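*Asks:* With the sequence up front, the predicted model follows.
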Amino acid sequence: MTLYDPGLQPERTELAWRRTALALAVGSLVSMRVLPVMLDSLVWIVPGIVGLVASALLWIAARARYRAVYRAIHPIENPALLPDARLIAVMTLLCICIGGFALAAVLFAAA
């Protein structure tokens, strides 16, 4: 009896994480272009840099997670456990922080 379908689901999941990392990178680049002009300070470029670093780390973590899932589903000699949900938790925390920052930027711009 097999527990997991050895189909294309892990590949689709990794592609979804890649799209998420790409969207984060594009949003970070847009914020680096728009925020310093709108808010008249180069300090507002920092969130864009943080977002770019986060998107690169997310891309790397998604690839590592895919490899771990692949090893768990296709055991050759030593069966491995499926990865935990740390990546999802980190992305959730990052989204909450970005939302809080966006709210602060809007309130700062309105003042």
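*Replies:* In hand now; what should we look at?

*Asks:* Can you tell me the element V106 falls in?
*Replies:* Applying DSSP states H and E as the criterion places V106 in helix 86-110.

*Asks:* got the contact list for that helix?
*Replies:* Residues outside helix 86-110 that contact it (C-beta atoms under 8 Å, 6 or more residues apart in numbering) are 17, 20, 24, 35, 38-39, 44, 47, 51, 54, 58, 61-62, 65. (Each C-beta comes from the backbone N, C-alpha and C, glycine too.)

*Asks:* redo that, cut-off 6 Å
*Replies:* 47, 54, 61, 65 (C-beta atoms under 6 Å, 6 or more residues apart in numbering).

*Asks:* helix or strand for the first one, which one?
*Replies:* Spelled out, that is P47. Per DSSP H and E: P47 is located in helix 46-73.

*Asks:* counting contacts, what elements does that helix pack onto?
*Replies:* Using 3 or more C-beta pairs under 6 Å, 6 or more residues apart in numbering; DSSP states H and E, the elements in contact with helix 46-73 are helix 9-39, helix 86-110.

*Asks:* Give me the helices and strands touching the longest one, please.
*Replies:* This means helix 9-39. Checking 3+ C-beta pairs under 6 Å, 6+ apart, helix 9-39 ends up next to helix 46-73.
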